[in-house]
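Undergrad: A structural model of the following input is requested.
(one chain, ligands or ions: 2)
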Amino acid sequence: MRILQIQKTDLSAGLEKSRKDYTLIGPVKEGNNISKFRELAAGEEPDFSITTTTMSPKSVVFPQSEVMFTFTTDSASPDCNIMKVPEKSYSPRAVIGIRPFDAVAMKIVKMNFDTPDYRDPYWCDAYEACTFIGLAITDPESCDFSTSTGTGPFDTSGLDVLLVDAGDYYLAEVVTEKGDSWVQSAGFNQEAGAESVEILHSMRKEAKKKIVSTVEFANIDKKETLDLYNEEYWDSISFPCLNCGTCTYVCPTCWCFDIQDETAHKKGRRMKNWDSCMFPNFTIHTTGHNPRNTKLMRVRQRFMHKLKYHQSKYNKGIMCVGCGRCVTSCPVNIDIREVCKQMNS
Ligand code: SF4
Ligand code: SF4
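TA: Numbers count the residues shown, from 1 in each chain. Ligands and ions are numbered 1, 2, ... in the order given. Take a look at the predicted model:
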C-alpha cells in the first residue's frame with residue numbers, strides 16, 4: 001500500500017497543477033441549501049465541509065439530460081435522415097472529494113450499463129474518463145448506514161485515491177494506477193511515515209464505530225419474490241408517498257432514464273433524460289395501459305428493485321450504498337431502513 005502525505009496548505013496548488021491533465025470536478029454548495037458535484041472553475045476549490053451532497057455525483061457520468069443523436073429531415077441536406085452522435089469530450093476528469101459510498105454506487109450502476117451483452121457508450125466512456133479522488137468520512141451523518149450495505153466511511157473499492165483528513169495534512173492512499181497518475185500530475189510525492197498505516201487503520205475503526213444506523217437484508221434474499229410482492233405492508237408503506245420522485249433523483253444508484261425525440265422544424269435531437277419509477281408516466285404504454293398504475297405498485301417496485309431483484313439478479317448485495325439521501329430528502333419521511341426491516345422480518 002502506498003501512502004503519501006499532503007500538507008493542507010499544499011492541496012490547492014496541487015489541484016491547480018493537475019488541471020493541465022484533468023478537468024476538475026468537486027462538491028460545491030449552490031443556492032437554497034443544495035449541494036452537488038460540478039466542474040470547478042479555475043481557482044475554485046472543492047468544498048470538503050459537505051459530507052453528503054444533496055444530489056449524488058451520478059450526474060458526473062450520467063447527466064440529467066444528454067443529447068444522444070442529432071438529425072435533420074431536410075431533404076436538401078446531405079445528412080438528411082442520418083442520426084449523428086454529437087462531438088463529446090471524454091478527456092480525463094478528476095472527481096475530487098467523492099465519498100466512498102458514492103464511488104461504490106458507480107460500480108453498482110456499472111453492472112447495469114456495462115454488461116457482456118450491452119454497453120451504454122455514453123455512461124461507460126464518461127466513467128472510464130474519471131479518476132476518483134475520494135475523501136474518507138471521519139464524521140458520518142446520522143442517516144449514514146453504509147457499513148451494513150457493504151461499503152463504509154473509508155472504503156477504497158470504488159476509488160483511485162483515498163484522502164484522509166488527519167489534521168494539518170491529508171494522508172493519501174494511492175489505490176490504482178489511475179490514482180498514481182493523478183498524484184504525479186498534482187506533484188504530490190511526499191511518502192508518509194511508517195506510522196501512517198496505523199493512523200489510517202485506527203481512524204477507519206473510529207469512523208466505522210460512529211455509524212450506528214444499520215440494515216439487515218439477508219432474509220430478503222431467501223424469501224420468495226411473490227411472497228414479498230403480495231405482502232400487506234405495501235399499503236401502509238406507500239400510503240404517504242407523493243410520487244414526487246425526489247428519492248430516485250438524489251439516489252446515487254438509481255439509473256432510470258427515458259429517451260425522447262425533440263424536434264423543431266426539420267431538425268431534431270434524441271435526448272436521454274433522467275426518469276423515475278415513482279412517476280405514473282414511467283411505465284405507461286402507447287395504448288394507454290399502465291402496468292403500474294397505482295402508487296402502491298410504484299413504491300413497491302422501487303423497494304423490490306433495490307432490496308430484492310438486484311440481489312436475486314447479481315448476487316452482490318442490495319442496490320443501495322447506505323448514503324441516507326433518500327431518507328433525509330423524502331418530504332413524508334419514508335425510510336428505506338424501515339422498509340428493509342419489514343421486508344427482512
Ligand atoms: S421522496 Fe418520498 S414521497 Fe417522494 S416519491 Fe420518494 S418515497 Fe415518495
Ligand atoms: S436507496 Fe437511499 S440510502 Fe440507498 S443509495 Fe439510494 S439514496 Fe442512498
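
Undergrad: do you have the strands of the chain handy? List them.
TA: For the chain, the strands defined by DSSP state E occupy 2-7, 23-29, 35-39, 65-72, 93-98, 130-135, 161-165, 169-174, 257-264, 267-274.

Undergrad: nearest to N281, of those strands?
TA: strand 257-264 (8.5 Å; Cβ to Cβ). All C-beta spots, glycine's among them, are computed from the backbone N, C-alpha and C.

Undergrad: relative orientation of the closest one and strand 65-72 in degrees?
TA: 40 degrees (axes from the mean of the first three to the mean of the last three Cα atoms, to 10 degrees).

Undergrad: neighbours of the one residue in the stretch 51-200 of the chain that gets nearest to ligand 1, just the number please.
TA: Here the stretch 51-200 of the chain gets closest to ligand 1 at one residue, T54, 12.9 Å apart by Cβ to the nearest ligand atom. Number of residues near T54 (other Cβ atoms under 10 Å) recorded here: 18.

Undergrad: am I right that it is in contact with R325?
TA: Yes - counting by Cβ atoms under 8 Å, T54 touches R325, with 7.5 Å between them.

Undergrad: quick revisit: so who does the residue of the stretch 51-200 of the chain closest to ligand 1 touch?
TA: 33-36, 250, 325, 329 (Cβ atoms under 8 Å, 6 or more residues apart in numbering).

Undergrad: could you measure from it over to ligand 2?
TA: Per Cβ to the nearest ligand atom, to the nearest Å, T54 is found 11 Å from ligand 2.

Undergrad: just give the number of residues close to the closest residue to ligand 2 within the stretch 1-150 of the chain.
TA: With Cβ to the nearest ligand atom, the shortest gap between the stretch 1-150 of the chain and ligand 2 falls at A105, namely 6.1 Å. Per other Cβ under 10 Å, the neighbour tally for A105 reads 28.

Undergrad: one step back: columns distance to M111, mean pLDDT and mean neighbour count on top of the strands of the chain, output as JSON lines?
TA: Shown next, in JSON lines, are the strands of the chain (distance: least, Cβ to Cβ, whole Å; pLDDT from 0 to 100; neighbours: other Cβ atoms under 10 Å):
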{"stretch": "strand 2-7", "distance to M111": "29", "mean pLDDT": "97", "mean neighbour count": "17"}
{"stretch": "strand 23-29", "distance to M111": "23", "mean pLDDT": "98", "mean neighbour count": "21"}
{"stretch": "strand 35-39", "distance to M111": "21", "mean pLDDT": "97", "mean neighbour count": "17"}
{"stretch": "strand 65-72", "distance to M111": "20", "mean pLDDT": "96", "mean neighbour count": "16"}
{"stretch": "strand 93-98", "distance to M111": "19", "mean pLDDT": "98", "mean neighbour count": "25"}
{"stretch": "strand 130-135", "distance to M111": "17", "mean pLDDT": "98", "mean neighbour count": "26"}
{"stretch": "strand 161-165", "distance to M111": "22", "mean pLDDT": "98", "mean neighbour count": "22"}
{"stretch": "strand 169-174", "distance to M111": "25", "mean pLDDT": "97", "mean neighbour count": "22"}
{"stretch": "strand 257-264", "distance to M111": "16", "mean pLDDT": "95", "mean neighbour count": "12"}
{"stretch": "strand 267-274", "distance to M111": "19", "mean pLDDT": "97", "mean neighbour count": "16"}
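
Undergrad: can you list those strands in JSON lines and add distance to M83?
TA: Below are the strands of the chain laid out as JSON lines (distance: least, Cβ to Cβ, whole Å):
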{"stretch": "strand 2-7", "distance to M83": "46"}
{"stretch": "strand 23-29", "distance to M83": "27"}
{"stretch": "strand 35-39", "distance to M83": "28"}
{"stretch": "strand 65-72", "distance to M83": "4"}
{"stretch": "strand 93-98", "distance to M83": "27"}
{"stretch": "strand 130-135", "distance to M83": "27"}
{"stretch": "strand 161-165", "distance to M83": "39"}
{"stretch": "strand 169-174", "distance to M83": "42"}
{"stretch": "strand 257-264", "distance to M83": "10"}
{"stretch": "strand 267-274", "distance to M83": "7"}
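
Undergrad: residues of the stretch 101-250 of the chain that sit close to ligand 1?
TA: 241-247 (Cβ under 6 Å from any ligand atom).

Undergrad: could you dump these into a markdown table and include distance to ligand 2?
TA: Output for those, formatted as a markdown table (distance: Cβ to the nearest ligand atom, whole Å):
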| residue | distance to ligand 2 |
| --- | --- |
| C241 | 14 |
| L242 | 16 |
| N243 | 16 |
| C244 | 14 |
| G245 | 12 |
| T246 | 10 |
| C247 | 6 |
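
Undergrad: what do T54 and R325 both touch?
TA: V250.

Undergrad: give me the low-pLDDT residue ranges for this protein?
TA: By pLDDT under 70, the chain contains no weakly predicted segment.

Undergrad: tell me, what residue is most central in it?
TA: Closest residue to the average C-alpha location of the chain: P252 at 2.9 Å, with Cα atoms, centre = their mean.
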